[in-house]
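Asks: Need a 3D model of the following:
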Amino acid sequence: MDEMTREREEAWIPVCRAALLAVERGVAVMLGGRQLAIFRMSGGQVFAVGNRDPYSGANVMSRGIVGTSGALTTVTSPMHKQVFDLRSGRALLDPDVCLGSYATRDVAGIIEIRLDGSPAGCPL
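Replies: Residues are numbered from 1 along each chain as shown. Presented below is the predicted three-dimensional model:
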């Protein structure tokens, strides 16, 4: 494995076993000094977004309500009910506001998250 490939692989952080994540419920984790909210959907897809609600400043997105808006999978903040796209982390009604989103993958039943770079173009 060349050095660049090894560095890309080291950027993935193992978080938990996929089976431990309740379907369509969030869980908060702290990774690299960042609070994230992780959601596993009924189809097995896992999303990771910032846990901080940008409107209230509270770390509550993991307690949000999962749903859909058209073809988008969303989470609604429990504080002021703003809705965010789980894929991009952007607020549906104000795309300039975002949670940040992070790449996820399932490796042999272990969920891994990648923290490198600016999440989905959102400020950290």
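
Asks: Tell me how far the residue nearest the centre of the chain lies from V75.
Replies: A centroid search over the chain (C-alpha atoms, centre = their mean) returns A48, at 1.4 Å, as the residue closest to the centre. Computed as C-beta to C-beta, to the nearest Å, the A48 to V75 distance reads 11 Å. For glycine as for every other residue, the C-beta is placed from the backbone atoms N, C-alpha and C.

Asks: excluding its backbone neighbours, what's nearest the residue nearest to the centre of the chain?
Replies: Y102 (4.1 Å; C-beta to C-beta, 6 or more residues apart in numbering).

Asks: number of nearby residues for that neighbour?
Replies: 22 (other C-beta atoms under 10 Å).

Asks: sec struct for it, please.
Replies: The three-state assignment at Y102 reads strand, by DSSP: H, G, I helix; E, B strand; the rest coil.

Asks: Show the contacting residues for it.
Replies: 36, 48-49, 113-115, 119 (C-beta atoms under 8 Å, 6 or more residues apart in numbering).

Asks: Buried only: go through these for me.
Replies: 36, 48-49, 113-115, 119 (16 or more other C-beta atoms under 10 Å).

Asks: can you pull out the helices in the protein?
Replies: Along the chain, counting by DSSP state H, helices occupy 3-10.

Asks: lowest average confidence, helix or strand, in it?
Replies: Within the chain, no helix or strand scores below helix 3-10, which has a mean of 53 by mean pLDDT, DSSP states H and E.

Asks: on that earlier part again, let me have the contacts of Y102 in JSON lines, extended by distance to G67 and pLDDT.
Replies: Below are the contacts of Y102 laid out as JSON lines (distance: C-beta to C-beta, whole Å; pLDDT from 0 to 100):
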{"residue": "L36", "distance to G67": "20", "pLDDT": "96"}
{"residue": "A48", "distance to G67": "18", "pLDDT": "96"}
{"residue": "V49", "distance to G67": "14", "pLDDT": "95"}
{"residue": "I113", "distance to G67": "22", "pLDDT": "96"}
{"residue": "R114", "distance to G67": "25", "pLDDT": "94"}
{"residue": "L115", "distance to G67": "26", "pLDDT": "87"}
{"residue": "P119", "distance to G67": "22", "pLDDT": "58"}
